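[1] turn this into a model:
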Amino acid sequence: MNVRNPEDELRETLEALATSVVASPDAYAKARSEWQRRERRRRLIMLVLALVIVAVADIVGLWALNSLSAPPPPPDSGGQRVEIVIQP
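    Numbers count the residues shown, from 1 in each chain. A predicted model of the protein is given here:
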């Protein structure tokens, strides 16, 4: 009984596959430029997202400060007399 080592079979198969592969001369350059383009796009999106979050937080903060600092409106008496009680 002839039992072959699975490692030898795998090695032969991979060698046969490697001999049939033709490498593109500019494959690395294409892959690298594509990766750099994606990285630039990802960073730009993160920058815009961070700027939007900071802008919204500033607007909400300024609105809250402005609305809290305004004096309360005078009571609407509707032509009626308002009594003020001062206790000693």
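[2] report the secondary structure element holding Leu10.
    Assigned by DSSP states H and E, Leu10 falls within helix 6-20.
[3] check which element follows that helix along the chain.
    helix 27-69.
[4] for the lowest-mean-pLDDT helix or strand in the chain, buried residues please.
    Least confident helix or strand of the chain, by mean pLDDT, DSSP states H and E, is helix 6-20 with a mean of 90. Of the residues in helix 6-20, none count as buried by neighbour count, 16 or more other CB atoms under 10 Å. (C-beta placed from N, C-alpha, C; glycine too.)
[5] what distance separates it from the centre of its chain?
    44 Å (CA atoms, centre = their mean, to the nearest Å).
[6] just stretch 52-63 next, same as before
    Once both centres are worked out by CA atoms, centre = their mean, stretch 52-63 turns out to sit 18 Å from its chain's centre.
[7] for stretch 62-72, C-alpha coordinates in PDB please.
    Presented in PDB, the C-alpha positions along stretch 62-72 are these (Å, rounded to 0.1, in the frame of the first residue of the first chain):
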ATOM      1  CA  LEU A  62     -24.400  78.700  22.300                       C
ATOM      2  CA  TRP A  63     -28.100  78.300  22.000                       C
ATOM      3  CA  ALA A  64     -28.400  76.900  25.500                       C
ATOM      4  CA  LEU A  65     -26.200  79.800  26.900                       C
ATOM      5  CA  ASN A  66     -28.300  82.300  25.100                       C
ATOM      6  CA  SER A  67     -31.600  80.900  26.100                       C
ATOM      7  CA  LEU A  68     -30.600  80.600  29.800                       C
ATOM      8  CA  SER A  69     -29.100  84.100  30.100                       C
ATOM      9  CA  ALA A  70     -32.300  85.800  28.800                       C
ATOM     10  CA  PRO A  71     -34.300  87.400  31.600                       C
ATOM     11  CA  PRO A  72     -37.700  85.800  32.200                       C
END
